[in-house]
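[1] my questions concern the predicted model and sequence given below.
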Amino acid sequence: MPKWYDGKPMSVPDGVLDFKMANEQYEAVIMNGAMGFEDFYADLADGTTGVFEVEPKSGTLNKRGGEPQVITVRYKGGGGTGGHLVVQTEEEKWSYELKLP
């Protein structure tokens, strides 16, 4: 995990991934606003409940105007109320609320 990644969701999420059942997956589409390529890291925020798989967890975002980065989140099951996916670069942050049935 990079030193600049804080894992804290934004106060207003960029979107909501509303899971209805186990093994369902959704995609978070990340568009870089920076002029250059940016390394990113994606993970679940502290306090997230349920079992999730996030792919990819890290990589490089294309520069502004380039192809977006798709982050796939799969709900594997387990109880809980959900939480947040946080995707962050040194300059930008996106967060998605994860809702469970």
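    Done, it's in.

[2] the strands in the chain, which residues?
    For the chain, applying DSSP state E gives strands covering 15-18, 25-30, 38-44, 51-55, 58-61, 69-77, 82-88, 93-99.

[3] Lys3 is nearest to which of those?
    strand 38-44 (10.3 Å; C-beta to C-beta). C-beta here means a position set from N, CA and C on the backbone, and glycine is covered the same way.

[4] tell me the mean pLDDT over that closest one?
    Average pLDDT, strand 38-44: 97.

[5] what comes up buried for it?
    Judged by neighbour count using 16 or more other C-beta atoms under 10 Å, the buried positions of strand 38-44 are Glu38, Phe40, Tyr41, Ala42, Asp43, Leu44.

[6] hmm, who's touching it?
    1-2, 5, 7, 30, 32, 52, 54, 56-61, 63, 69, 71, 83-92, 98 (C-beta atoms under 8 Å, 6 or more residues apart in numbering).

[7] ok, now with 7 Å
    Strand 38-44 is contacted by residues 1-2, 5, 7, 32, 52, 54, 57-61, 69, 71, 83, 85-91 when judged by C-beta atoms under 7 Å, 6 or more residues apart in numbering.

[8] from the chain's centroid, how far away is that strand?
    8 Å (C-alpha atoms, centre = their mean, to the nearest Å).

[9] what's the answer for stretch 17-35, then?
    In terms of C-alpha atoms, centre = their mean, the gap separating the centre of stretch 17-35 from the centre of its chain is 7 Å.
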